[in-house]
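J.: here is the input, now give the coordinates:
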Amino acid sequence: WMLQNPDNPLSFDTFSRIKEGRVLRVLDSKAPEDQACINGAPSVQDSLSTESRERFHALCELLQQLGISYILDNRLVRGLD
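T.: Just a heads-up that it's a prediction; the model follows:
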């Protein structure tokens, strides 16, 4: 997965975010020219350590036990940068 592909350049806003060090915000872009890059990006969940993955699953189980519905969105990055 590459952020800058000469065959599919990123939007100005996204390129600016990368230069500012806010790389995860690329996943948040709504710009049409960024969609191919976003769709080819790895899932944030794939990057979790074993410990973090276990905690995440425990949280999901707790939410289910409490009857709290939720939706997993692997492209949601608000608050992570």
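J.: going by C-alpha atoms from here, please, whenever you check contacts or count neighbours.
T.: Noted.
J.: hmm, residue 27 is touching residue 42, no?
T.: No - applying Cα atoms under 8 Å as the test, residue 27 and residue 42 come out as separate, 10.1 Å apart.
J.: in terms of neighbours, single out the busier of those two.
T.: residue 27 (21 against 12; other Cα atoms under 10 Å).
J.: worst-scoring helix or strand of this structure, pLDDT-wise?
T.: Between all helices and strands in the chain, the lowest mean by mean pLDDT, DSSP states H and E belongs to helix 35-39, at a mean of 84.
J.: where does this structure dip in pLDDT?
T.: 1-8, 77-81 (pLDDT under 70).
J.: ok, longest helix in it?
T.: helix 50-65 (DSSP state H).
J.: how far out from the middle of the chain is that helix?
T.: 18 Å (Cα atoms, centre = their mean, to the nearest Å).
J.: just give the nearest non-adjacent residue to residue 29, would you?
T.: Spatial nearest neighbour of residue 29, excluding adjacent residues (Cα to Cα, 6 or more residues apart in numbering): residue 14 at 7.0 Å.
J.: what sits against that neighbour?
T.: Applying Cα atoms under 8 Å, 6 or more residues apart in numbering, we find residue 14 in contact with 25, 26, 29, 34.
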